[in-house]
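[1] here is my input, please return the structure:
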Amino acid sequence: MVTNLHGSPQWLYGHRYCTPGDMKNRIKEQQWLFADRTSCHDCWSNQYRLLQAGLAYLLLERRI
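    You can find the predicted model right below:
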């Protein structure tokens with residue numbers, strides 16, 4: 001990786017290069033798990049449905 005940013009190569013790779021790719025992977029994971037039913041035309045309805053699915057997943061994962 002060639003850059004003009006200041007910092008150690010390990011820090012730049014871990015915080016500048018890997019973080020956006022990791023975020024993209026988390027978005028794809030959310031879409032694979034929860035976003036199969038975003039059929040509403042209103043964005044807020046889809047967002048609410050995803051929020052409910054995410055909260056249900058957390059409750060099942062942590063067994064509260």
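
[2] now do the helix or strand where residue 29 lies: which elements does it pack against?
    Assigned by DSSP states H and E, residue 29 belongs to helix 18-33. Applying 3 or more Cβ pairs under 8 Å, 6 or more residues apart in numbering; DSSP states H and E, one finds that helix 18-33 makes contact with helix 43-62. Bear in mind the C-beta positions are built from the backbone N, C-alpha and C, glycine included.

[3] what residues of the helix it packs on count as buried?
    49-50, 53 (16 or more other Cβ atoms under 10 Å).

[4] low pLDDT regions in the protein?
    Scanning the chain with the threshold set as pLDDT under 70 gives 1-2, 33-38, 64.

[5] can you list contacts of the helix holding residue 29?
    Residues outside helix 18-33 that contact it (Cβ atoms under 8 Å, 6 or more residues apart in numbering): 50, 53-54, 57.

[6] give me the distance from that helix to the chain's centre.
    With Cα atoms, centre = their mean, to the nearest Å as the basis, helix 18-33 stands 4 Å off its chain's centre.

[7] now do the buried residues in that helix.
    Within helix 18-33, no residue counts as buried by 16+ other Cβ under 10 Å.

[8] quick check: angle from it to helix 43-62?
    If you take axes from the mean of the first three to the mean of the last three Cα atoms, to 10 degrees, helix 18-33 sits at 90 degrees to helix 43-62.

[9] now the helix or strand containing residue 10: how far from the chain's centre is it?
    Here residue 10, judged by DSSP H and E, is contained in helix 9-12. Centre-to-centre, helix 9-12 and its host chain are 23 Å apart (Cα atoms, centre = their mean).

[10] stretch 40-49 now?
    The chain centre lies 18 Å from the centre of stretch 40-49; the measure is Cα atoms, centre = their mean.

[11] dump it to PDB, restricted to CA.
    In PDB, the C-alpha atoms belonging to stretch 40-49 read as follows (Å, rounded to 0.1, in the frame of the first residue of the first chain):
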ATOM      1  CA  CYS A  40     -42.300  -1.700   1.500                       C
ATOM      2  CA  HIS A  41     -42.000   1.400  -0.600                       C
ATOM      3  CA  ASP A  42     -41.500   3.600   2.500                       C
ATOM      4  CA  CYS A  43     -37.900   3.700   3.700                       C
ATOM      5  CA  TRP A  44     -39.000   4.100   7.400                       C
ATOM      6  CA  SER A  45     -41.000   0.900   7.200                       C
ATOM      7  CA  ASN A  46     -38.100  -1.000   6.000                       C
ATOM      8  CA  GLN A  47     -35.800   0.500   8.500                       C
ATOM      9  CA  TYR A  48     -38.200  -0.300  11.300                       C
ATOM     10  CA  ARG A  49     -38.500  -3.900  10.100                       C
END
